[in-house]
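Trainee: Mind looking at a prediction? Sequence and model below.
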Protein chains: 2
Amino acid sequence: MSDDWPTVPLTELETFIANALKAVGFLNSGAEQTAKLMADADLHGIDTHGVFRLPGYIERIQAGGMNVDPEIKIIREAPATALIDGDNGMGHLVVARATEIAIEKAKQTGIGWVGMRNSNHAGPAMLYSRMPLAHDMIGIYGAVGSANHMPPWGGTELLLSTNPISIAVPASRHRDIVLDMATTVSSYGKVKTAAQRGEQMPEGWMVDRQGKPLTDPQRSHEGLLLPIGGAKGYGLALMLGLLAGTLNGAAMGRDVIDFSKDFVTTTNTGQFICALAIANFAEIDQFGAQVDAIIDAMKASPTLPGVEEIRLPGERSAKLRGSRLKSGIPVHPALLEGLAEMAVDLTISPLL
Amino acid sequence: MSDDWPTVPLTELETFIANALKAVGFLNSGAEQTAKLMADADLHGIDTHGVFRLPGYIERIQAGGMNVDPEIKIIREAPATALIDGDNGMGHLVVARATEIAIEKAKQTGIGWVGMRNSNHAGPAMLYSRMPLAHDMIGIYGAVGSANHMPPWGGTELLLSTNPISIAVPASRHRDIVLDMATTVSSYGKVKTAAQRGEQMPEGWMVDRQGKPLTDPQRSHEGLLLPIGGAKGYGLALMLGLLAGTLNGAAMGRDVIDFSKDFVTTTNTGQFICALAIANFAEIDQFGAQVDAIIDAMKASPTLPGVEEIRLPGERSAKLRGSRLKSGIPVHPALLEGLAEMAVDLTISPLL
């Protein structure tokens, strides 16, 4: 597996991504900020949402489907909320700016909730839910996914995406707890990975339009992703879509375009970020100690047969971050090849 | 089924509940407000969370485990947030008061987030998430459940409850969309109902401490409720517990007592309610029309074989409300008998 892949140090990955973005017209600051966020996804082991996405982003930018120099601005505002228009800019830049605003508002009023329209794919949700942690705040992030792969419960029309939610809560001695989950059993990225590797999918990921289990990922275009918990996951995906999309005047339902097939049409992606200041509820130190105690209790639970240890949300990512900071970030050989071709096209230095 | 049960008009149910609460020391206003909320749960078809709970509440009050005349007060406050101490009062009164405060704050700042400690079981989550709707606001509610029935994912110690989340979004022509879901595949109430009826549970609701499917609800005390989506539902239950419990200084994890077994110990139940003002993101009318369009699209989806129609979250409850307003609320004969005995004990008029 990834043990055999070539590895690249974090800073080199950041430089490569930034150079690629500059080559297609990004300003230095925007390229570097985006590169840091994208590489941070890889650093945390979220390989489907980091540099893996770069060729797609570049293709969209070259096709004119994304604005390389967006004017990200507040279009509605209240003391604790804002609505941001991302001007069809890179999602990473739009959400990072929105999160800064949410944190500033939370400093003033205790909470900040910022909605976004005219944004784009922004990588993994956990990049943003974690940002308030450094300010002794809890982060909550939701997004409309960048393609519809799920029908309403009992239906067959693809009207919903994997709409993710991420919640980050700071601990003290322990690693912060960071949940980042799609509302579908599997992400579509994992389906595509199974197809690339010639593997079958387990039952429960997808059904066909007769409702029968679909386990061949080559046939995924005929299939429907299943929500977690049946009607519950459908309901959660729908509500996240209303909060992240509809409320912000962003795409939701039939107007969501498939980001990985249509590189030209403005996606009008919607997201929201909420920062909640802990100090208005508890003493920061005491809260951290309480979260530590919860983590200790979970980790100390006896396990089911065959289970080695109890994990907390975000624990695996945080551990990978540690090892990848030391040993570099493994990059799949096929991806490396694609990035090398892209580097030639953009006349930038290759990654390795 | 419930078609054969005796029915009672809403107002009579409200009067009966209020009389019972007054008989054990509630002030008139608190008794009437609680009764309206409890009966509203029955009206919406949430039969496990309405008058069904009354004997348990009365038992707790008589045992001294709940404060009949609580001083519900704000103990920390920022412009958009508050922390409420419920003074071990009835959960319905505590959460209703917190929701009023959240709505007031949202009018001022765009959003209000209110956490609660020293609260109690408050009935179904949807009672509270819907309250902001009348103010053109979205409601989001989360709670720590009143007994632990779920281990961390891969574990066997019961450290988590079914921690529910409810989100309510107003529509215009259509019924409002109201999600109210436990983070477990099944609620513990449904397990108990299956046991009462001598039915088996489907696989996937519970496992035993070896991880094997447990389908006999008589053995539920040996079992573990399963989260929706495996590790995802575990993560969601944990995060809701941190937000509704730990952040507010309320019980979470090992300090959650079983509300239906221990009637004396203060539960220190935690909840949160968030009200988000739509007008700071969209024109109210346009937003309603957009939500209507989403509902129309979902309802128009072709269905899987055997599925009659696509439903939106809260649709079934809203329909039941309509029919029960007309024809009365069906009450299970065994419950009616229990309520009759309780009425004798409290020297109040029986329900029927």
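Mentor: The structure has been received and is ready for your questions.

Trainee: gap between the closest residue in space to A:Ala182 that isn't next to it in sequence and B:Tyr234?
Mentor: Excluding the flanking residues, the one nearest A:Ala182 by Cβ to Cβ, 6 or more residues apart in numbering or on different chains is A:Thr162, at 4.0 Å. C-beta here means a position set from N, CA and C on the backbone, and glycine is covered the same way. The spacing between A:Thr162 and B:Tyr234, counted by Cβ to Cβ, to the nearest Å, is 19 Å.

Trainee: more crowded one of these two?
Mentor: B:Tyr234 (29 against 26; other Cβ atoms under 10 Å in any protein chain shown).

Trainee: That one: what's it in contact with?
Mentor: Shown in contact with B:Tyr234 (Cβ atoms under 8 Å, 6 or more residues apart in numbering or on different chains): B:150, B:152-153, B:160, B:227.

Trainee: Let me have these in TSV, extended by secondary structure and neighbour count.
Mentor: Below are the contacts of B:Tyr234 laid out as TSV (DSSP: H, G, I helix; E, B strand; the rest coil; neighbours: other Cβ atoms under 10 Å in any protein chain shown):
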residue	secondary structure	neighbour count
B:Met150	strand	28
B:Pro152	coil	28
B:Trp153	coil	25
B:Leu160	strand	31
B:Pro227	strand	27
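
Trainee: So what sits opposite A:Thr303 in the bridge?
Mentor: Beta bridges link A:Thr303 to B:Gly155, judged by DSSP bridges.

Trainee: and it, what pLDDT?
Mentor: On the pLDDT scale, A:Thr303 is placed at 97.

Trainee: Please export the C-alpha coordinates of stretch A:90-110 as CSV.
Mentor: Listed in CSV are the C-alpha atoms of stretch A:90-110, where the atom choice follows Å, rounded to 0.1, in the frame of the first residue of the first chain:
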residue,chain,number,x,y,z
MET,A,90,-11.2,28.7,-4.9
GLY,A,91,-13.3,27.1,-2.1
HIS,A,92,-10.3,27.0,0.2
LEU,A,93,-9.9,30.8,0.1
VAL,A,94,-13.6,31.4,0.5
VAL,A,95,-14.1,29.1,3.5
ALA,A,96,-10.9,30.2,5.2
ARG,A,97,-12.0,33.9,4.9
ALA,A,98,-15.5,33.0,6.2
THR,A,99,-13.9,31.2,9.1
GLU,A,100,-11.8,34.2,10.0
ILE,A,101,-15.0,36.3,10.1
ALA,A,102,-16.9,33.7,12.2
ILE,A,103,-14.0,33.7,14.7
GLU,A,104,-14.0,37.5,14.9
LYS,A,105,-17.8,37.5,15.4
ALA,A,106,-17.5,34.8,18.1
LYS,A,107,-15.0,37.0,20.0
GLN,A,108,-17.6,39.8,20.0
THR,A,109,-20.9,38.0,20.6
GLY,A,110,-20.0,34.4,21.7
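
Trainee: So A:Tyr141, which state does it fall into?
Mentor: What DSSP: H, G, I helix; E, B strand; the rest coil gives for A:Tyr141 is strand.

Trainee: That one touches A:Leu276, doesn't it?
Mentor: No: under the criterion of Cβ atoms under 8 Å, A:Tyr141 is not in contact with A:Leu276, lying 12.0 Å apart.

Trainee: So between these two, which is more surrounded?
Mentor: Neighbour tally, A:Tyr141 and A:Leu276, criterion other Cβ under 10 Å: the higher count belongs to A:Tyr141, 31 against 26.

Trainee: confidence score at that one?
Mentor: pLDDT at A:Tyr141 comes out at 98.

Trainee: do the same with A:Gly155
Mentor: A:Gly155 carries a pLDDT score of 97 in this model.

Trainee: So it sits against B:Pro305, correct?
Mentor: No: assessed by Cβ under 8 Å, A:Gly155 is found out of contact with B:Pro305, at 11.7 Å.

Trainee: more crowded one of the two?
Mentor: A:Gly155 (25 against 9).

Trainee: now the more buried one: how far from B:Ser301?
Mentor: From A:Gly155 to B:Ser301 the distance is 3 Å (Cβ to Cβ).

Trainee: for A:Ile46, same thing?
Mentor: Taken as Cβ to Cβ, the span from A:Ile46 to B:Ser301 is 31 Å.

Trainee: Repeat that for A:Phe281.
Mentor: Distance of A:Phe281 to B:Ser301, given as Cβ to Cβ: 41 Å.
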